[in-house]
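> Below is the structure, and that's it, no one-letter string:
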């Protein structure tokens, strides 16, 4: 069973590789004209934005499953803060 799996992996790998090479085309011919459109444009460099944040919990609504009665939860000290950095 393991031998069959290894052979199947090898066959699938060979098929994938040959498909990828065939999709690339047949190599470069020397006399073709450059693509029209004025040349390529360089993408802008990545920008990084840093933001500070604070999250606080002001209210928690909790009830007991069995009776449905409300449960009092003190959320006054539940908070978190930090910094997030995003590069795009």
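In hand now; what should we look at? Because the structure is a prediction, the values reported are computed rather than measured. Numbering: from 1, shown residues only.

> switch to C-alpha atoms for all contacts and neighbour counts from now on
Noted.

> where in the chain is pLDDT low?
1-39 (pLDDT under 70).

> again, only this time at 80
Under the criterion of pLDDT under 80, the regions of the chain flagged as low confidence span 1-40.

> mind listing the strands in it by residue range?
Across the chain, reading from the start of the chain, the strands by DSSP state E fall at 48-56, 62-63, 70-71, 79-87.

> Tell me which of those lies nearest to residue 40.
For those, proximity to residue 40 was assessed by C-alpha to C-alpha; strand 79-87 is nearest, at 23.6 Å.

> what lines up beside the closest one in the sheet?
The sheet places strand 79-87 alongside strand 48-56 (antiparallel), with pairing taken from DSSP bridges.

> Show me which residues of the strand it pairs with are buried.
If you call a residue buried by 16 or more other C-alpha atoms under 10 Å, then strand 48-56 has no buried ones at all.

> and for it, what are the contacting residues?
The set of residues that contact strand 48-56 without belonging to it, under C-alpha atoms under 8 Å, 6 or more residues apart in numbering, is 78, 79, 80, 81, 82, 83, 84, 85, 86, 87, 88.

> And the furthest pair within the residues you listed?
The largest distance within these, taken as C-alpha to C-alpha, falls between 78 and 88 and amounts to 31.7 Å.

> Which one's more surrounded, the two?
The neighbour count for residue 78 versus residue 88, taken as other C-alpha atoms under 10 Å, is higher for residue 78 (11 against 8).

> That one is in contact with residue 60, isn't it?
No - counting by C-alpha atoms under 8 Å, no contact exists between residue 78 and residue 60, whose distance comes to 10.5 Å.

> thinking again about what came up before, including distance to residue 42, could the strands of the chain go into JSON lines?
Formatted as JSON lines, the entries for the strands of the chain read as follows, by distance: least, C-alpha to C-alpha, whole Å:
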{"stretch": "strand 48-56", "distance to residue 42": "18"}
{"stretch": "strand 62-63", "distance to residue 42": "55"}
{"stretch": "strand 70-71", "distance to residue 42": "59"}
{"stretch": "strand 79-87", "distance to residue 42": "18"}
